[in-house]
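Novice: got a predicted model here, sequence first, then my questions.
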Amino acid sequence: MKNSVKTGTILLSEPFMRDPNFKRTAVLLVDHGEDGSVGFVLNRESDVRIDELVHDFPEFDANVCVGGPVGRDTVHYLHRRGDLLEGSDLVVQGVWWGGDFERLKFLVRHELISPRDVRFFVGYSGWSEDQLEEEMEHGSWVTAKMDPNYLFKSPADSLWSQVMDHKGNAYSVIADMDDDVKLN
């Protein structure tokens, strides 16, 4: 199991997961190692804009996603402008995590970064050492390959189904299943 999970992997929750924090979620792992894992739920968009949440952020039409149940007093961001943001960590080709936040505000203020280039998250998803592997062994997650278009072009409300469908075969059937088991 350990070989199927790595930084840059998408974790798709199994279709009938009961945990409300992860029901029908697509989580991008931005860090995975011996000490644990960190990721962001890609498909839980809120109605709050980043410029409403961070008092000195320039006007910017980008809603914040709920990245997970941990650290809900923190703001994180994924973007495709690692060439402009010093200190960014490459997650997978075309997707970077973090970087100089003051520089980000400068780039937004000067319209060098648009809402299509960045996604913001309040909180994150975290797993302690071996916790994610144990969840994988219990069938809680299905892994998928990350495509930057999932983050920057796909509608959040259909992302879980879209990624599941792209896996093909039986996963395409799962993608179309209703989340209420009584209706299947």
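Specialist: Great, that's in hand.
Novice: now do the one helix or strand Asp31 maps to, average pLDDT.
Specialist: Following DSSP states H and E, one finds Asp31 within strand 26-33. In this model, strand 26-33 carries a mean pLDDT of 97.
Novice: buried ones in that strand?
Specialist: Across strand 26-33, burial judged by 16 or more other Cβ atoms under 10 Å covers Ala26, Val27, Leu28, Leu29, Val30, Asp31, His32. Where you see a C-beta, it was placed from the backbone N, CA and C, and this is true even at glycine.
Novice: these: which two are farthest apart?
Specialist: Based on Cβ to Cβ, the longest span within the buried residues of strand 26-33 runs between Ala26 and Asp31 and measures 16.9 Å.
Novice: from Val163, how far off is Trp127?
Specialist: Using Cβ to Cβ, to the nearest Å, we find Trp127 at a distance of 20 Å from Val163.
Novice: so for the two, which sits in the more crowded spot?
Specialist: Val163 (24 against 20; other Cβ atoms under 10 Å).
Novice: what does the helix or strand of the chain with the lowest mean pLDDT contact?
Specialist: Ranked by mean pLDDT, DSSP states H and E, the weakest helix or strand in the chain is helix 170-175, scoring a mean of 75. Residues outside helix 170-175 that contact it (Cβ atoms under 8 Å, 6 or more residues apart in numbering): Pro15, Val142, Trp160, Ser161, Gln162, Met164, Asp165.
Novice: which SS class is the residue lying closest to the second one once chain neighbours are set aside?
Specialist: To tie it back to what came earlier, the one meant is Val142. For Val142, ignoring the flanking residues on the chain, the nearest one in space by Cβ to Cβ, 6 or more residues apart in numbering is Leu12 at 4.5 Å. With DSSP: H, G, I helix; E, B strand; the rest coil as the basis, Leu12 sits in strand.
Novice: for the buried residues of strand 26-33, which one is nearest Glu45?
Specialist: Of all these, Glu45 sits closest to Ala26, with 12.0 Å by Cβ to Cβ.
Novice: wait, what's in contact with the closest one?
Specialist: Ile10, Leu11, Leu12, Val41, Leu42, Asn43, Ala144, Tyr150, Leu159, Trp160, Val163.
Novice: which of those residues count as buried?
Specialist: Buried subset of these (neighbour count, 16+ other Cβ under 10 Å): Ile10, Leu11, Leu12, Val41, Leu42, Asn43, Ala144, Tyr150, Leu159, Trp160, Val163.
Novice: nice, that's everything, thank you.
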